[in-house]
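Q: Turn this into a structure:
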Amino acid sequence: MNKTNEQLIPDKDEIFSWIEHFASYGHRRSGTENNIKSAEFIAEKFKEFGLEDIRFDRPEAKLFFPKEWSLNVGGEEIPCYFINYTNFSGEIGEFDTGNIDAPMVYIGDGTEEELAKVDVKGKIVLANNRWLDYDLAYFEKFHASDKCWWYDPDNTIKSYDQYIHKNSYDPYTFPQNYCDAVNMGAVGYIGILVDNCNHYIHYNENYSQAYAKFLDQEKYSFNTMFKPGLWVSREEGEHLKKIIEEGGGSINASMRMKNTVEKSCANVVSGVLPGMSDEIILVHSHHDACFEGAVQDASGMSTVMAIAEYFSRIPKEQRKKTLMFGAMDCHFSGYAGHEGFIKRLQEEGKKIIMDFVVEHVAMEAVDDISLKGKEDEMHFTGQIGMRLVYVTENREILDMVTNAIKENDLRRCFVIPCIKGKADVCSDADRFFKAGIPVVSIISPVIYLMDPVDKPDKVAKEQLPLIAKTWIDMIYEVFEHTKEDFKEQPELHYFGKREI
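A: Numbers count the residues shown, from 1 in each chain. Below is the predicted model of the structure:
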């Protein structure tokens with residue numbers, strides 16, 4: 001097996017300069033000029049590295065663009081932010097609710113018991129939006145097909161059930177409480193970001209279809225989030241709860257949401273470094289971002305570019321497989337870019353034997369309630385953000401991943417074995433995993449990913465070349481295998497105990 005030549009890996013300053021370039025756009029939302037610029041920048045770098053067959057895949061996407069939103073309660077303007085893909089019927093066009101004037105009522109977490117106590121018909125509901133606790137047991141229960149393993153030599157994660165932070169990805173109280181309230185006649189939804197460091201800005205992913213798995217479809221006649229929704233901060237939520245209580249259980253409110261839904265397209269970029277075999281190793285991240293997105297996901301995309309630059313410096317005869325590098329799009333808009341890209345690869349009969357994914361090279365932050373009174377209550381611990389590594393459950397792959405993590409001292413990694421249909425892959429690898437492609441996907445699920453605070457200073461800069469090297473080491477390992485070696489192995493029980 002070839003050994004990684006560390007001198008050929010771009011240094012942290014070069015990789016970080018790409019992150020700063022991505023962040024300079026301000027945002028890279030799908031369907032926007034900034035998103036196109038981001039895709040073109042990646043294509044330029046791929047061309048500079050000597051990649052071939054550089055393509056732009058532009059599958060059709062239905063994209064949501066908020067224009068105006070507001071909330072007035074009892075004559076007071078309340079700082080708020082749109083809930084992505086609400087006021088969304090699935091149709092193309094401009095949609096303006098006008099002023100929705102209605103009593104506002106508080107429904108707590110919006111459980112069945114709480115909703116039974118409040119008449120929400122014709123009302124704007126105020127509800128808590130809670131996120132699930134992140135601990136190691138959570139991932140084993142919801143994401144793994146079997147036992148998991150972590151690498152934490154400094155013992156920073158002191159026990160298996162230690163609370164880490166809240167999970168801002170997976171829906172918990174929302175959108176279930178939204179759906180139940182709307183099903184009972186609510187005309188608008190205000191979500192309190194209880195677990196969001198007292199911020200009111202949260203650019204959530206598109207849950208308009210994904211939430212369907214939570215619902216009884218005989219009970220719900222809709223599959224889009226057609227009523228408007230707005231986020232408010234924890235502090236504003238407490239204020240609204242108080243004035244509703246003082247008003248005897250309701251208070252006059254007015255909300256408005258104006259948005260367009262456009263038939264547009266994703267911007268997926270890919271390029272190839274031919275090797276000695278037509279079997280392909282795919283290495284990818286996504287380039288779209290709701291704000292500056294330095295961590296999400298300029299950091300992952302820039303690491304993928306570093307790996308591409310490294311292998312462009314390696315002679316073709318030493319690349320035993322063909323390497324394909326990709327930049328996905330529509331991460332917040334239903335993953336149309338991923339699905340269109342996969343469909344094209346399948347139609348062309350491409351032999352993808354592994355998908356290596358990098359996301360979020362991040363510094364850790366926690367929502368520290370002890371910092372009450374400070375502006376945002378977000379505390380950076382100085383630790384590297386905990387890293388999840390989703391791995392197709394196969395002995396060869398798990399041997400490769402655990403060895404590479406230990407040999408490169410890639411700390412605070414939690415390895416999650418996955419079998420299709422038995423585990424969720426909460427990363428950009430998800431659609432590839434579901435398409436039957438073996439995956440190795442690293443992601444740091446820090447709390448601020450959908451928040452404007454995600455700027456270049458949040459990137460774990462020192463880790464950039466280290467993650468690149470770890471992934472390069474594993475790519476060399478895959479050079480020695482065939483697709484047959486990487487089949488899923490259900491009931492493997494690779495991690496029979498939590499330490500190996």
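Q: Show me how far stretch 134-148 is from its chain's centre.
A: Centre-to-centre, stretch 134-148 and its host chain are 18 Å apart (Cα atoms, centre = their mean, to the nearest Å).
Q: With stretch 234-243 instead?
A: Computed by Cα atoms, centre = their mean, the chain-centroid distance of stretch 234-243 equals 29 Å.
Q: List the buried residues of it.
A: Along stretch 234-243, the positions that meet the burial threshold by neighbour count (16 or more other Cβ atoms under 10 Å) are 234, 235, 236, 237, 240. Quick note: C-beta positions are derived from backbone N, CA and C, even for glycine.
Q: ok, residues contacting it?
A: Outside stretch 234-243, the residues that touch it by Cβ atoms under 8 Å, 6 or more residues apart in numbering are 73-74, 78-80, 104, 106, 126, 128, 190, 192-194, 196, 198, 200, 232, 251.
Q: hang on, residue 161 packs against residue 136?
A: Yes. With contact taken as Cβ atoms under 8 Å, residue 161 and residue 136 are classed as touching, separated by 7.2 Å.
Q: Those two: who's more crowded?
A: Taking neighbours as other Cβ atoms under 10 Å, residue 161 and residue 136 compare with residue 136 leading, 21 against 10.
Q: ok, how many other residues are close to residue 160?
A: Using other Cβ under 10 Å, residue 160 is surrounded by 12 other residues.
Q: Tell me who's in contact with the residue nearest to it when sequence neighbours are not counted.
A: What sits nearest to residue 160 in space, not counting adjacent residues and going by Cβ to Cβ, 6 or more residues apart in numbering, is residue 136, at 5.0 Å. Residues counted as contacts of residue 136 (Cβ under 8 Å, 6+ apart) are 148, 150, 157, 160, 161, 162, 164, 414.
Q: Likewise for residue 367?
A: Contact partners of residue 367, counting by Cβ under 8 Å, 6+ apart, are 165, 166, 195, 196, 197, 377, 378, 379, 447.
Q: Please apply the same query to residue 313.
A: If a contact means Cβ under 8 Å, 6+ apart, then residue 313 has residue 8 as its contacts.
Q: Distance check, the residue most central in space within the chain against residue 194.
A: When the chain is reduced to its mean C-alpha position, the nearest residue by Cα atoms, centre = their mean turns out to be residue 427, at 5.9 Å. Residue 427 sits 25 Å away from residue 194, going by Cβ to Cβ, to the nearest Å.
Q: same thing with residue 473?
A: Between residue 473 and residue 194 the computed distance is 42 Å (Cβ to Cβ).
Q: Which strand residues bridge residue 72?
A: On the basis of DSSP bridges, residue 72 takes part in beta bridges with residue 77, residue 254.
Q: sorry, back to before: surely the residue nearest to the centre of the chain and residue 388 touch.
A: Yes. Using Cβ under 8 Å, residue 427 and residue 388 qualify as a contacting pair, with a distance of 7.3 Å.
Q: Going by neighbour count, which residues in stretch 13-29 are buried?
A: Under 16+ other Cβ under 10 Å, the buried positions of stretch 13-29 are 15, 16, 18, 19, 22, 23, 25, 27, 28, 29.
Q: Tell me which of those fall in strands.
A: Where the buried residues of stretch 13-29 are compared with strands, as defined by DSSP state E, there is no overlap at all.
Q: Give me the subset of those residues lying in helices.
A: Secondary structure defined by DSSP state H assigns 15, 16, 18, 19, 22, 23 of the buried residues of stretch 13-29 to helices.
Q: Just the pLDDT at residue 293, thanks.
A: Note on residue 293: pLDDT of 97.
Q: same check, this time on residue 147
A: The model reports residue 147 with a pLDDT of 89.
Q: which stretches of this protein form helices?
A: Secondary structure of the chain (DSSP H): helices at 12-23, 33-49, 112-115, 136-142, 176-183, 234-246, 300-312, 336-347, 395-407, 430-434, 464-479.
Q: which residues sit against the shortest one?
A: Translated: helix 112-115. With Cβ under 8 Å, 6+ apart, helix 112-115 has contacts from 107, 108, 177, 180, 181, 184.
Q: So which bits of it are buried?
A: Of the residues in helix 112-115, those buried by neighbour count under the rule 16+ other Cβ under 10 Å are 114, 115.
Q: Check the offset of the helix-or-strand element of the chain with minimal mean pLDDT from the chain's centre.
A: Between all helices and strands in the chain, the lowest mean by mean pLDDT, DSSP states H and E belongs to strand 165-167, at a mean of 75. A distance of 13 Å separates the C-alpha centroid of strand 165-167 from that of its chain, computed with Cα atoms, centre = their mean.
Q: residues contacting residue 401?
A: By Cβ under 8 Å, 6+ apart, residue 401 lies in contact with 389, 391, 415, 440, 474.
Q: dump the residue contacts of the third one.
A: Residues in contact with residue 415, defined by Cβ under 8 Å, 6+ apart, are 148, 149, 150, 151, 389, 391, 398, 401, 402, 405, 495.
Q: with those in mind, which one is nearest to residue 468?
A: Looking at the contacts of residue 415 and their distance to residue 468, the nearest is residue 405, at 14.1 Å (Cβ to Cβ).
Q: Tell me how many other residues crowd that closest one.
A: When neighbours are defined as other Cβ under 10 Å, residue 405 has 22 of them.
Q: Good, we can wrap up now.
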